[in-house]
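K.L.:
quick one: sequence and predicted model below, then my questions.
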Amino acid sequence: MRVTTQAIARVEGRLADIATSTGRKVVIIGWSLGGLYARLLAHRRPELVALAVTLGSPFSGNRRANNAWRLYERLNDHTVDAPPFPEEISAKPPVPTIAMWSTKDGIVAAECARGAPDESDARFELPYRHFELGSSRRAIAVIVGALHNFMEEERP
């Protein structure tokens with residue numbers, strides 16, 4: 001996927017549409033690059049976001065500590081170090097955040113997907129490879145369970 005200011009604006013507009021149509025804040029779950037979008041939206045539109053979740057997303061540390069940065073740069077007109085948005089994605093957004101990561105990922109370095117303790121509200125290690133995080137029934141069941149538990153604990 002190309003990361004452009006137009007693509008970011010479309011995703012931001014879609015977030016506003018969903019929040020308006022439901023009358024509720026939105027839980028955003030982003031896998032890999034999608035997790036960067038989730039954190040970006042949580043920074044830009046915290047009034048619309050209930051929770052931002054990253055799955056194997058390289059939001060922290062060295063942006064080249066993954067096996068996809070070269071492909072990313074081939075598909076985009078900028079480097080991984082100069083994305084088309086000013087927000088610092090590693091900074092914790094002003095909404096609840098969860099980082100889900102794996103030492104078995106194979107694409108994104110665990111420390112970049114886990115982040116530092118102050119960069120998210122919760123961090124969950126998952127025993128799955130990168131492509132399983134968003135496609136394996138077993139992984140999705142574990143992710144849904146972890147999200148359910150987190151939201152139950154956060155409920156006032």
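P.N.:
Cool, got the structure. Please read all numbers here as calculations on a predicted model, not as lab measurements.

K.L.:
residue contacts, the residue nearest the centre of the chain?
P.N.:
Centrality entry for the chain: nearest residue to the mean C-alpha point is residue 35, 1.8 Å, by Cα atoms, centre = their mean. Applying Cβ atoms under 8 Å, 6 or more residues apart in numbering, one finds that residue 35 lies in contact with 53, 54, 55, 56, 57, 59, 113. C-beta coordinates here come from the backbone N, C-alpha and C atoms, glycine included.

K.L.:
if we go to 6 Å?
P.N.:
Neighbouring residues of residue 35 by Cβ atoms under 6 Å, 6 or more residues apart in numbering: 54, 57.

K.L.:
roughly how far apart are it and residue 99?
P.N.:
With distances taken as Cβ to Cβ, to the nearest Å, residue 35 is found 8 Å from residue 99.

K.L.:
overlap in contacts, the two.
P.N.:
The overlap between the contact sets of residue 35 and residue 99 (Cβ under 6 Å, 6+ apart) consists of residue 54.

K.L.:
which of the helices or strands spans the residue nearest to the centre of the chain?
P.N.:
Secondary-structure assignment from DSSP states H and E places residue 35 in helix 33-44.

K.L.:
now do residue 142
P.N.:
With DSSP H and E as the criterion, residue 142 is inside helix 137-154.

K.L.:
ok, residues contacting that helix?
P.N.:
For helix 137-154, contacts defined as Cβ under 6 Å, 6+ apart pick out 122, 124, 128, 132, 133.

K.L.:
mind checking the pLDDT average for that helix?
P.N.:
Mean pLDDT, helix 137-154: 89.

K.L.:
just the buried positions in that helix, please.
P.N.:
Burial within helix 137-154, assessed by neighbour count using 16 or more other Cβ atoms under 10 Å, is assigned to 139, 142, 143, 146, 147, 150.

K.L.:
re earlier: and after the helix holding residue 35, which helix or strand comes next?
P.N.:
Reading on from helix 33-44 to the C-terminus, the next helix or strand found by DSSP H and E is strand 49-55.

K.L.:
if you average pLDDT over that next one, what comes out?
P.N.:
The average of the pLDDT scores along strand 49-55 is 96.

K.L.:
who are the packing partners of that strand?
P.N.:
strand 26-31, helix 33-44, strand 97-101 (3 or more Cβ pairs under 6 Å, 6 or more residues apart in numbering; DSSP states H and E).
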